[in-house]
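> Just the structure for this:
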Amino acid sequence: MSTSQKQLSKKSQSQSISLDLPSGVSASFDKGEIVIKGPLGKVNQDFSKIPVGIKIEGAKVEITTAGSRRTDNAVLNTAKSLVRNAINGVTYGYEYKLKVIYAHFPVSVKVQGNKVLVENFYGERSPRVAEIIGDTKAQVQGEDIVISGVSIKDVGQTAANLEQATKVKRKDQRVFLDGVYVYERTRKGKV
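Got it, this is the predicted structure:
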């Protein structure tokens, strides 16, 4: 077999990875979207734009790609991480902790519906508003804000919204350190 034939046969081989579902977790795949349900809730993940094939058989999720090139391997591992994060989310949940830092004006934080209000930030009259994404929950515990949920994407985006809402503009950031900052990211429950 010549080297060009070896390369051609290597290109046409498909790769696959299978993930085991823990007890109490179920998965379904329909129209490019996988839904993973567990004891803490459910997570939807859209795979319509990711070039992988997903097959669910019993307590296993099998992910396959069309080829075995470097990009196919990267896409396969990305899809595996998305499914694994969803499984961990419905089993254990995710939690981000943010610290409210202020030196100039005392800041108060309130949760109203699906928004977090940061009041009196640099003495401003109107509160700074950050949106809570999805089924994420936000709690204020003294100087900390605890954001928890089953979708790592929603929890991370809510934390990023809080950081961006309190970003200092047109001032030296080395001097004006006021804001809300993430200081801990954890997976809740047993590890």
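> What is the end-to-end distance of stretch 53-70?
17 Å (Cα to Cα, to the nearest Å).
> Other residues contacting it?
With Cβ atoms under 8 Å, 6 or more residues apart in numbering as the contact definition, stretch 53-70 has outside contacts at 10-21, 23, 27-29, 34, 47, 51-52, 72-73, 75-76, 79-80, 83. Every C-beta, even on glycine, is put in place using the N, C-alpha and C of the backbone.
> what comes up buried for that stretch?
By neighbour count with 16 or more other Cβ atoms under 10 Å, stretch 53-70 contains the buried residues 54, 61, 63-65, 67.
> what are the ranges of the strands in the protein?
15-20, 26-30, 33-38, 41-46, 53-57, 60-65, 94-101, 108-112, 115-119, 128-131, 137-141, 144-149, 179-187 (DSSP state E).
> Switch those strands over to a markdown table; also include mean pLDDT and distance to residue 87.
Formatted as a markdown table, the strands of the chain follow (pLDDT from 0 to 100; distance: least, Cβ to Cβ, whole Å):
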| stretch | mean pLDDT | distance to residue 87 |
| --- | --- | --- |
| strand 15-20 | 92 | 7 |
| strand 26-30 | 93 | 8 |
| strand 33-38 | 94 | 6 |
| strand 41-46 | 94 | 8 |
| strand 53-57 | 92 | 12 |
| strand 60-65 | 94 | 8 |
| strand 94-101 | 96 | 12 |
| strand 108-112 | 95 | 28 |
| strand 115-119 | 96 | 28 |
| strand 128-131 | 96 | 26 |
| strand 137-141 | 96 | 20 |
| strand 144-149 | 96 | 15 |
| strand 179-187 | 93 | 11 |
